[in-house]
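Visitor: pasting the sequence and the predicted coordinates here, then a few questions.
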Amino acid sequence: SIRSAKLNNIDYLSLLNPADGSLFVVKNDGQKITSSLVGIGVSNSEFSQSARFISFSQNNNLRTIDIEFIERFSKPVNSIVSIHWFTNYQLLVYKLDGPYIVDYDGENLIKLPPNISDGATSSINYISDTKVILFLSAGKINYYSLQPKGSLINF
């Protein structure tokens with residue numbers, strides 16, 4: 001799995017080896033190329049839209065690295081199937097029991113309906129610009145909008 005991002009005119013590349021889950025991040029600032037082993041046993045690596053953050057799952061934890069301010073965050077979140085950046089500061093995390101919205105630092109893990117049984121086949125898609133999430137679950141299409149109405153966010 002290879003992902004790329006650009007932050008402050010610096011190119012970043014993440015390389016995830018599916019054999020052992022080793023995650024490397026390569027930095028090219030135009031003068032030199034450096035690489036760093038982030039960890040092993042990693043899955044689901046993803047850069048944020050702004051490229052400021054890279055998030056991944058490791059040892060039943062959701063981990064995020066703030067590339068700009070060199071900070072690391074980690075929160076216990078198990079059963080992660082996939083990670084997608086929904087906004088610049090929020091992730092859409094798909095777990096075995098369904099979708100969740102969570103902040104970049106792992107705080108405010110909020111379950112979205114519906115609950116997914118282990119045997120159900122489902123897929124997820126989202127549109128960041130309009131904050132719309134679409135699910136296919138048990139043959140039904142579910143639509144959720146996270147656009148604020150008044151002062152509340154309605155699901």
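Guide: Arrived safely.

Visitor: against residue 18, how distant is the nearest residue to residue 58 once chain neighbours are set aside?
Guide: Once flanking residues are discounted, residue 58 sits nearest to residue 42: 4.8 Å by C-beta to C-beta, 6 or more residues apart in numbering. For glycine as for every other residue, the C-beta is placed from the backbone atoms N, C-alpha and C. Distance, residue 42 to residue 18, by C-beta to C-beta, to the nearest Å: 10 Å.

Visitor: ok, these two, which is more surrounded?
Guide: With neighbours defined as other C-beta atoms under 10 Å, residue 42 and residue 18 compare such that residue 42 has more, 23 against 9.

Visitor: which residues touch the more buried one?
Guide: 16, 21-23, 56-58 (C-beta atoms under 8 Å, 6 or more residues apart in numbering).

Visitor: same thing but 6 Å
Guide: 21, 23, 56, 58 (C-beta atoms under 6 Å, 6 or more residues apart in numbering).

Visitor: which non-adjacent residue is nearest the third one?
Guide: Leaving aside its sequence neighbours, residue 56 sits nearest to residue 45 (C-beta to C-beta, 6+ apart; 4.1 Å).

Visitor: which pair of the contacts of residue 42 spans the longest distance?
Guide: Across these, no pair lies farther apart than 21 and 56, at 9.3 Å, counting by C-beta to C-beta.

Visitor: compare these two (neighbour count), which wins?
Guide: Neighbours per residue (other C-beta under 10 Å) separate residue 21 from residue 56, with residue 56 holding more: 22 against 17.

Visitor: and the gap between the more buried one and residue 92?
Guide: Taking C-beta to C-beta, one finds residue 56 at 15 Å from residue 92.

Visitor: please name the bridge partners of residue 142.
Guide: residue 135 (DSSP bridges).

Visitor: correct me, but it touches residue 135?
Guide: Yes: here residue 142 reaches residue 135: they are 4.2 Å apart, a contact under C-beta atoms under 6 Å.
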